[in-house]
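Participant: can you look at this prediction? I've put the sequence above it.
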Amino acid sequence: MAKSHPVDAHVGTRMRQRRTLLGMSQTKLGDAVGLTFQQVQKYERGSNRVGSSRLYEFAKALDVPVSYFFDEMPGNVLAGRPMAARVKKGSGFGEAGTPFAVEKDPLVKRETLQLVRAYYKIREPSVRKRIYELVKTMGSSGSHTERARK
């Protein structure tokens, strides 16, 4: 089986990230764009390449601009490709990093997306702010504890 192209994998990751953040199932997204959930799975894994018209449909269904799918793309995703040599460093095309460092990115984890979704369901701004301050404080004290142990 052929390996997914890094751009297809990145686009699929961004698609899954947005769908999960919205609390949308693969079936619901598939219904919105006329696909089965299995086809959506293949796009999210990067197994299937997304054509421009299909990408536009996904963008509409997920309420994001098409450019969203290419945001935060690692700069070296096209390393070794003819066009990559023409793009100057620092030209705004992605961040440095590895194309498959997704597992290490906490923003892509399901737990993070569920936490953000739950946080924004809290309707009372003062309660949301107190929770934010609590988590910030706990995170900060945890990092001090971790440093002390080393």
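Facilitator: Happy to help now that I have it.
Participant: burial count for residue 46?
Facilitator: 21 (other C-beta atoms under 10 Å). Bear in mind the C-beta positions are built from the backbone N, C-alpha and C, glycine included.
Participant: let me know the pLDDT of it.
Facilitator: At residue 46, the model reports a pLDDT of 91.
Participant: now do residue 89
Facilitator: 45.
Participant: do you know how far residue 50 is from residue 62?
Facilitator: Distance, residue 50 to residue 62, by C-beta to C-beta, to the nearest Å: 12 Å.
Participant: err, residue 17, not the other one
Facilitator: From residue 17 to residue 62 the distance is 10 Å (C-beta to C-beta).
Participant: so those two - more neighbours on which side?
Facilitator: Each of residue 17 and residue 62 has its neighbours counted (other C-beta under 10 Å); residue 17 has more, 23 against 20.
Participant: would that one count as being in a helix?
Facilitator: Yes - counting by DSSP: H, G, I helix; E, B strand; the rest coil, residue 17 is found in a helix.
Participant: doesn't residue 113 make contact with it?
Facilitator: Yes - counting by C-beta atoms under 8 Å, residue 113 is a contact partner of residue 17 at 6.7 Å.
Participant: which stretches of this protein have low pLDDT?
Facilitator: Where the chain drops to pLDDT under 70, the residues are 1-2, 78-105, 107-108, 142-150.
Participant: how's it carved up into domains?
Facilitator: Following the assignment in automatic domain parsing, the chain carries domains at 1-101, 109-150.
Participant: pick the most buried one from those.
Facilitator: Highest mean neighbour count of the domains of the chain: domain 1-101, a mean of 15 (counted as mean count of other C-beta atoms under 10 Å).
Participant: quick check, central residue of this structure?
Facilitator: Central residue of the chain (C-alpha atoms, centre = their mean): residue 14, 3.5 Å from the mean position.
Participant: next up, the contacts around the nearest residue to it once chain neighbours are set aside.
Facilitator: Closest residue in space to residue 14, ignoring its immediate chain neighbours: residue 69 at 4.7 Å, by C-beta to C-beta, 6 or more residues apart in numbering. By C-beta atoms under 8 Å, 6 or more residues apart in numbering, the residues touching residue 69 are 10-11, 14-15, 50, 55, 58-59.
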